[in-house]
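Trainee: please find the sequence and the predicted model below.
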There are 4 protein chains.
Amino acid sequence: MTRELLSGFPVVIELPIQWGEMDAYGHVNNTVFFRFFESARIAFLDRCGFLAAHGELEVGAILHSTACRFRRPLFYPDTISVGARASEVLTDRFIMEYKIVSHSQDEVVAEGTGTVVSFDYNTRSKTDLPEMVREGLARLR
Amino acid sequence: MTRELLSGFPVVIELPIQWGEMDAYGHVNNTVFFRFFESARIAFLDRCGFLAAHGELEVGAILHSTACRFRRPLFYPDTISVGARASEVLTDRFIMEYKIVSHSQDEVVAEGTGTVVSFDYNTRSKTDLPEMVREGLARLR
Amino acid sequence: MTRELLSGFPVVIELPIQWGEMDAYGHVNNTVFFRFFESARIAFLDRCGFLAAHGELEVGAILHSTACRFRRPLFYPDTISVGARASEVLTDRFIMEYKIVSHSQDEVVAEGTGTVVSFDYNTRSKTDLPEMVREGLARLR
Amino acid sequence: MTRELLSGFPVVIELPIQWGEMDAYGHVNNTVFFRFFESARIAFLDRCGFLAAHGELEVGAILHSTACRFRRPLFYPDTISVGARASEVLTDRFIMEYKIVSHSQDEVVAEGTGTVVSFDYNTRSKTDLPEMVREGLARLR
């Protein structure tokens, strides 16, 4: 079921919920969902070649903006699967989508988006997506 | 200048940047911006009477969704001002806007939004904004 | 090897390192090690019956003090195993030991201790360890 | 009173408690106390010249171990003062002491220690404390 809920997401990571991620309301704090998105994004950037591009070309990925729609509270103990995909690829950026599924609830608990911009650390300005990243993104689709 | 950048925000809190809020890229991690928004939101919920409503009526504020547009990297050491306001008030929810200003940069480093939904802990369902909150929101405008 | 390094620890949890747990020095931040200890402690408190005692008797476990000796830096990506055990059981408290092993380094990266005190939420004061916890601790040895 | 409780501490920082620093038990989570210690330690390392030594000599400060004794729970809203001092200076390290005072409780809520070791990033090994740091430590006493 978790697998079905995450079909269409080429990169999926699994994370255990830690007790200390809950806040005074007794459920996982909203900021932690962005940590989960970040962990899926880093895995995605690795898979599409952007982490390698950062090392080889000094062209890295910068988080321009991000958003989360919280659908259900999340509790300890649980394990989540976090899916990431690029929903739209533009010249100097791509739009990512995230989905978090709770294993114990067997439901989507949150969905999100993020815009990742290509940044040249030499010229310190935005730049086109490196060819190796563009190919990596195509491969992941 | 910080004051001008935050004009129109009835609730403004001030926070010091802590060194440990920076990540491996050497600037404040994206998840921490949502902690800053949360701190401003809690101060706003206090000021508009929603924390009191939670205690008196068991009607509380639930974060439905939130978003951040990162404009500039933020570094330690620095102090920030975080403004919060309700930009739109609907029957069972209101939309919040956040703005973070860096004192050392004298610039807006991030802007955000959040949707806060009124939730009745007795019936465990969405409900209209309590009258005391509606009055509090009007007072803050 | 990880298993050998953690022999003598009845409770062992496994956690993936998240990229965002690294700080500006490029390794996992010191405060995160205490989050790892906490996660192992909660698992241990569950296994020895202290979480149940909290619910049934309103006698809970309070963290009196804790310490960490950092042996090696920890990096993303990696997975860790965190062991927890009670090394000494006294009338109203027990001493815990923690050990963190990095899978990629196949080495102990940190060791720690913690003192857990039995607290009666009815009288709001320290109290003897509940019998069910004492039995649970004996069972785990 | 806060001032008296922190007499003997040459470096004192002030921090607001953020709501999100509380955990499911409704008080500030234990790991956050180490964030507070860290923030005071960084301020201390700045004041004694260790941050400058890192830049000039590539000799930096590494956290060898740290400990905390929790004396009282800490809640939002509150402001804390965190004191840091070097209690003992050895050849290649010094021992730090921390003390956290809650303004609203007017009491010490936690005390801690940390061992900071001098590390040469060129040779990647422990080294004697730089002379400029030794002088800085003397000045702060």
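Mentor: Looks like it came in fine.

Trainee: contacts and neighbour counts: CA atoms only from here.
Mentor: Will do.

Trainee: spell out which parts of chain A neighbour chain D.
Mentor: A:Gly20, A:Glu21, A:Met22, A:Asp23, A:Ala24, A:Tyr25, A:Gly26, A:His27, A:Asn29 (CA under 8 Å from any CA of the partner chain).

Trainee: now do 10 Å
Mentor: A:19-31 (CA under 10 Å from any CA of the partner chain).

Trainee: any chance of those residues in TSV, with neighbour count, pLDDT and secondary structure too?
Mentor: Output for these, formatted as TSV (neighbours: other CA atoms under 10 Å in any protein chain shown; pLDDT from 0 to 100; DSSP: H, G, I helix; E, B strand; the rest coil):
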residue	neighbour count	pLDDT	secondary structure
A:Trp19	23	98	helix
A:Gly20	23	98	helix
A:Glu21	22	98	helix
A:Met22	22	98	strand
A:Asp23	23	98	coil
A:Ala24	18	97	coil
A:Tyr25	13	95	coil
A:Gly26	18	96	coil
A:His27	18	97	coil
A:Val28	22	98	strand
A:Asn29	23	98	coil
A:Asn30	25	98	helix
A:Thr31	21	98	helix
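
Trainee: which of those come close to chain C?
Mentor: Near chain C, by the rule CA under 10 Å from any CA, you find A:Trp19, A:Gly20, A:Glu21 out of the residues of chain A next to chain D.

Trainee: which ones are touching the residue lying closest to the last one once chain neighbours are set aside?
Mentor: Once its chain neighbours are removed from consideration, A:Glu21 has its nearest residue in A:Val28; the separation is 5.3 Å (CA to CA, 6 or more residues apart in numbering or on different chains). A:Val28 makes contacts with A:Ile17, A:Gln18, A:Trp19, A:Gly20, A:Glu21, A:Met22, A:Pro73, A:Leu74, A:Phe75, A:Tyr76, D:Asp23, D:Ala24, as judged by CA atoms under 10 Å, 6 or more residues apart in numbering or on different chains.

Trainee: so what sits opposite A:Val28 in the bridge?
Mentor: Beta-bridge partners recorded for A:Val28 (DSSP bridges): A:Met22.

Trainee: show me the helices in chain A, by range?
Mentor: A:2-5, A:30-47, A:50-57, A:131-140 (DSSP state H).

Trainee: list the buried residues for the lowest-mean-pLDDT helix or strand in chain A?
Mentor: The helix or strand of chain A with the lowest confidence, counting by mean pLDDT, DSSP states H and E, is helix A:2-5 at a mean of 89. Within helix A:2-5, the residues scored as buried using 16 or more other CA atoms under 10 Å in any protein chain shown are A:Thr2, A:Leu5.

Trainee: ok, stretch A:43-60 next?
Mentor: A:43-45, A:47-54, A:58-60.

Trainee: span of it from start to end?
Mentor: One end of stretch A:43-60 sits 14 Å from the other (CA to CA, to the nearest Å).

Trainee: A:Arg134 reaches A:Thr91, doesn't it?
Mentor: Yes. Using CA atoms under 10 Å, A:Arg134 makes contact with A:Thr91 at a distance of 9.4 Å.

Trainee: shared neighbours of the two, anything?
Mentor: Common neighbours of A:Arg134 and A:Thr91 (CA under 10 Å, 6+ apart) are A:Asp128.
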